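Q: sequence-free structure coming up:
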């Protein structure tokens, strides 16, 4: 989730960057080697670090001054993304996984779909810095039972054509079909730490299976 940004910036970013060729369909490929930021870009000086084989955004000592994103250096179209995550910092901690997203030129923000994380947001699909609204809301009673607070959980994000499905710990939380033909169906993948109180978002075992 995030504060509003002009929709026009998304369209500009989408026209500046085209999707790269897909890898071999049906084969899962690791996006993170657990030791380096190879294949990723973002603020790796202050915001993101590697700890215990995971990407960690934020810290539990200082306030997170603004939204920050660590993004892949290439783009993806149809895929299944699987990863493990945990969110630390209490009920106001927030983060998410961006898919089919574009960086806003000359800005720290990105624009695109987000698989959300945080109390009141778990398992929902949000439109970050574009329409700035929840596109598909997960059932809060369901996600309260699914999410293991302060522990590792799994996210599965499936993008096929205009359809996006999210699942936490093996249970589907939303099934969304995009109706707006202007919305790009490709883009980078990113992990977020949301601006706010001291908090940490941990991500590991990120693997993508590209679909035809």
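A: Alright, I've got the coordinates. From a predicted model like this one, the values you see are computed outputs, not experimental measurements. Numbering: from 1, shown residues only.

Q: adjacent strands (with direction) for the longest strand along the chain?
A: Counting by DSSP state E, the longest strand found in the chain is strand 199-210. Counting by DSSP bridges, the strands paired with strand 199-210 are strand 28-30 (antiparallel), strand 54-59 (antiparallel), strand 79-88 (antiparallel).

Q: hmm, residue 176 is touching residue 137, no?
A: No: using C-beta atoms under 8 Å, residue 176 makes no contact with residue 137, being 10.0 Å away. All C-beta atoms are positioned from the backbone trio N, CA, C, and that covers glycine.

Q: buried sites along the longest strand of the chain?
A: 199-206, 208-210 (16 or more other C-beta atoms under 10 Å).

Q: list the contacts of residue 123.
A: 115-116, 138, 142-143, 146-147, 166-168, 173-174 (C-beta atoms under 8 Å, 6 or more residues apart in numbering).

Q: can you do 10 Å?
A: By C-beta atoms under 10 Å, 6 or more residues apart in numbering, the contact list for residue 123 reads 115-117, 136-140, 142-143, 146-147, 155, 166-169, 171-174.

Q: just to revisit the earlier point, and the strands paired with strand 199-210: which comes nearest residue 42?
A: strand 54-59 (8.8 Å; C-beta to C-beta).

Q: relative to strand 54-59, how tilted is the helix or strand following the closest one?
A: Downstream of strand 54-59, the first helix or strand assigned by DSSP states H and E is strand 68-72. Counting by axes from the mean of the first three to the mean of the last three C-alpha atoms, to 10 degrees, strand 68-72 points 160 degrees away from the direction of strand 54-59.

Q: centre of the chain to strand 68-72, how far?
A: Centre-to-centre, strand 68-72 and its host chain are 9 Å apart (C-alpha atoms, centre = their mean, to the nearest Å).

Q: for the closest residue in space to residue 55 that isn't next to it in sequence, give the beta-bridge partners.
A: Nearest residue to residue 55, sequence neighbours excluded (C-beta to C-beta, 6 or more residues apart in numbering): residue 203, at 4.5 Å. Counting by DSSP bridges, residue 203 is bridged to residue 55, residue 85.

Q: residue 203 touches residue 84, doesn't it?
A: Yes: Residue 203 is within contact range of residue 84, at 7.3 Å (criterion: C-beta atoms under 10 Å).

Q: what's the residue of the chain most remote from its centre sitting at in phi/psi?
A: Distance from the C-alpha centroid of the chain, by C-alpha atoms, centre = their mean, peaks at residue 61 (23.5 Å). Residue 61 adopts backbone torsions of phi -110, psi -40, taken as degrees, to the nearest 10.

Q: could you measure from the nearest residue to residue 148 once chain neighbours are set aside over to residue 137?
A: In this structure, residue 148 finds its nearest non-sequential neighbour in residue 169, 7.5 Å apart by C-beta to C-beta, 6+ apart. Applying C-beta to C-beta, to the nearest Å, the value for residue 169 to residue 137 is 18 Å.

Q: no further queries at this time; thank you.
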